[in-house]
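Q: Sequence first, then the predicted structure:
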Amino acid sequence: MKCSARFASRVRGILAVAAITVVLSASAAKPQPALYNEGPLPDLGGAVGWLNTAPLNSRSLRGKVVLVDIWTYSCINSLRQLPYLKSWAAKYKAAGLVVIGVHAPEFGFEKERENVERAVHDYKITYPVAIDTDHEIWEAFNNEYWPADYIIDAKGRIRYHHFGEGEYATSEHVIQELLKENGATGLDASTVNPSADGIEAAPGNDGRSPETYVGYRRTTDFASPERLARRAQDLHPTRQSFSESMGTGRLMERRRRECHASGSFGQDSLSLPQPRLASGVGSGERRQADSL
């Protein structure tokens, strides 16, 4: 009897551990962040133009679950999440999701509508894109990052946000939850796993990225199909180039941006019409000062 009782006790202990493991595994597989009311979706009237749609606003979007992605086309972190945004827009369109890209420029050449149109075309973005040249939508969200995702429920309330790359499964589960709140049924509970090549591909294990902030003088093995822009002294004759300021320990006065994860900083010693190329990786970029 004592052996049987001891054996039964062990079995109960094993089953209890197994049950806890199953619960933890399920939680890890399907994260459920707390969803709060972070305030109303700002009006989108600050856009100077729209691509792929007629102008949208908070009133016309009422009744839809909305994902607003604030991005810029020369930011590697913004480009790497495009495969997920495009997949979500296609997968959940019929269920009531609207994905909106808000293109908020960081550099002067990103203000040119022709460049934005070319980027949207080249990256095969078919969901609506607001051209936020003057950063009015950016300011309405009190935003500080590229990329920044805000997910809004059908009542027009911001319920979740995420800055930088990653945590895509969490974001997709939020989308699913808010669609269910709005009455959607029969949703595929799995999460997308898009593959991408080139600039949209996720970073590899070698930790390198096709983006640089080090200035053309320190760049090696430059792989861009475009030629280098003129020297920073020619572009901004009243400012030191980044290469020179590094030698004196001074930061460029116009811009100091921090990568959200890596803590590296950059400036505009290059002016390229396409994404900057070389090394340095982070999950997102934060604007601390007036960068334009």
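A: Noted; the coordinates are in hand.
Q: where in the stretch 151-292 of the chain is pLDDT low?
A: Applying pLDDT under 70 to the stretch 151-292 of the chain flags residues 203-292.
Q: Next, count neighbours for R62.
A: 13 (other Cβ atoms under 10 Å). All C-beta atoms are positioned from the backbone trio N, CA, C, and that covers glycine.
Q: Now do the contacts for the residue lying closest to it once chain neighbours are set aside.
A: Excluding the flanking residues, the one nearest R62 by Cβ to Cβ, 6 or more residues apart in numbering is G156, at 5.4 Å. By Cβ atoms under 8 Å, 6 or more residues apart in numbering, the contact set of G156 is P40, L41, S58, L61, R62.
Q: hang on, isn't the second one packed against R157?
A: Yes - with contacts counted by Cβ atoms under 8 Å, L41 reaches R157, the gap being 7.3 Å.
Q: Between those two, which is the more surrounded one?
A: Shown here are L41 and R157; by other Cβ under 10 Å, L41 has more neighbours (23 against 15).
Q: Quickly find the element holding L79.
A: helix 76-80 (DSSP states H and E).
Q: Pull that helix out as PDB, backbone CA atoms only.
A: Provided in PDB are the C-alpha atoms of helix 76-80 (Å, rounded to 0.1, in the frame of the first residue of the first chain):
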ATOM      1  CA  ILE A  76      15.600  48.900 -43.500                       C
ATOM      2  CA  ASN A  77      13.500  48.200 -40.400                       C
ATOM      3  CA  SER A  78      10.400  49.400 -42.200                       C
ATOM      4  CA  LEU A  79      11.100  47.300 -45.300                       C
ATOM      5  CA  ARG A  80      11.700  44.100 -43.400                       C
END
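Q: rewinding a little: mind giving me TSV with the contacts of G156 and columns for secondary structure?
A: Putting these into TSV (DSSP: H, G, I helix; E, B strand; the rest coil) gives the following:
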residue	secondary structure
P40	strand
L41	coil
S58	coil
L61	coil
R62	coil
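Q: quick one: which of those is nearest G96?
A: Nearest to G96 among the contacts of G156 is L61, at 10.6 Å by Cβ to Cβ.
Q: For the closest one, the count of nearby residues, please.
A: The number of residues packed near L61 is 19, by other Cβ under 10 Å.
Q: who touches it in this structure?
A: L61 is in contact with L41, V98, I152, G156, counting by Cβ under 8 Å, 6+ apart.
Q: what packs against the strand or helix carrying the second one?
A: Taking DSSP H and E as the criterion, the element that holds V98 is strand 97-103. Using 3 or more Cβ pairs under 8 Å, 6 or more residues apart in numbering; DSSP states H and E as the contact test, the elements touching strand 97-103 are strand 65-71, helix 82-91, helix 113-122, strand 129-131.
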